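*Asks:* Test case, fold it:
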Amino acid sequence: MIERFEHWVSEETCDALRSLCQGERRYCDRLELPQQCAKQACPTGLTVETVVLETRGDRHPGVPCHADNCLLENGVWVPNHTPNRKVTAILYLDTCGGGDLYFWLLREVVHPTAGLMVRFPSDELHVHEVFPVTRSRRRTLAMWFV
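*Replies:* Prediction:
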């Protein structure tokens, strides 16, 4: 099940998080605002594992189809390098062209919209990909919970 939370944070919070973006990927274990967001997004009974600010620029090719806690080997799903992840959340900091999040088995599309947070299980039933960015930048706060 994919949960969508429209306007989960204010435009001011998006601005503050965007100002922290440095390069394509920034781990946020020592940054207060991203950690606060992750704690608020964390499902009951789980804890925050990793929080990352990500920037995908105009013409970024996207991210191939994958699950966040396992991978497909010879037709069988097996644990990957992050097998303890239970839930993934993505907070969109920009509205951009392209960069859609697509869930293959569910045939569901999430369009990047500033302030939107989506949360979903990290398992093989929620295999997803990110389509290429065609206009502007796709900046997100990606969060994983164990």
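*Asks:* May I ask which helix or strand encompasses the residue most central in space within the chain?
*Replies:* By C-alpha atoms, centre = their mean, the mean C-alpha position of the chain lies nearest to residue 90, the distance being 3.1 Å. Residue 90 is part of strand 87-92 when elements are defined by DSSP states H and E.
*Asks:* CA atoms only for that strand, dumped as PDB, please.
*Replies:* Taking C-alpha atoms only, strand 87-92 is exported to PDB below (Å, rounded to 0.1, in the frame of the first residue of the first chain):
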ATOM      1  CA  VAL A  87       9.400   1.200   5.100                       C
ATOM      2  CA  THR A  88      10.500   3.800   2.600                       C
ATOM      3  CA  ALA A  89       9.400   7.400   2.600                       C
ATOM      4  CA  ILE A  90      10.100  10.100   0.000                       C
ATOM      5  CA  LEU A  91       9.500  13.800   0.600                       C
ATOM      6  CA  TYR A  92       9.500  15.900  -2.600                       C
END
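*Asks:* Quick one: end-to-end length of stretch 58-69, please.
*Replies:* 28 Å (C-alpha to C-alpha, to the nearest Å).
*Asks:* ditto for stretch 130-142
*Replies:* 13 Å.
*Asks:* What mean pLDDT does that stretch get?
*Replies:* In this model, stretch 130-142 has an average pLDDT of 93.
*Asks:* Can you list the buried residues in stretch 50-67?
*Replies:* By neighbour count on 16 or more other C-beta atoms under 10 Å, the buried set for stretch 50-67 is 51-56, 60, 62, 67. All C-beta atoms are positioned from the backbone trio N, CA, C, and that covers glycine.
*Asks:* now stretch 30-41
*Replies:* Neighbour counts over stretch 30-41 (16+ other C-beta under 10 Å) mark 34, 37-38, 41 as buried.
*Asks:* quick one on the thing from earlier: and the helix or strand following the strand holding residue 90, what does it pack against?
*Replies:* For strand 87-92, the following helix or strand on the C-terminal side (DSSP H and E) is strand 97-98. Judged by 3 or more C-beta pairs under 8 Å, 6 or more residues apart in numbering; DSSP states H and E, strand 97-98 is in contact with strand 133-135.
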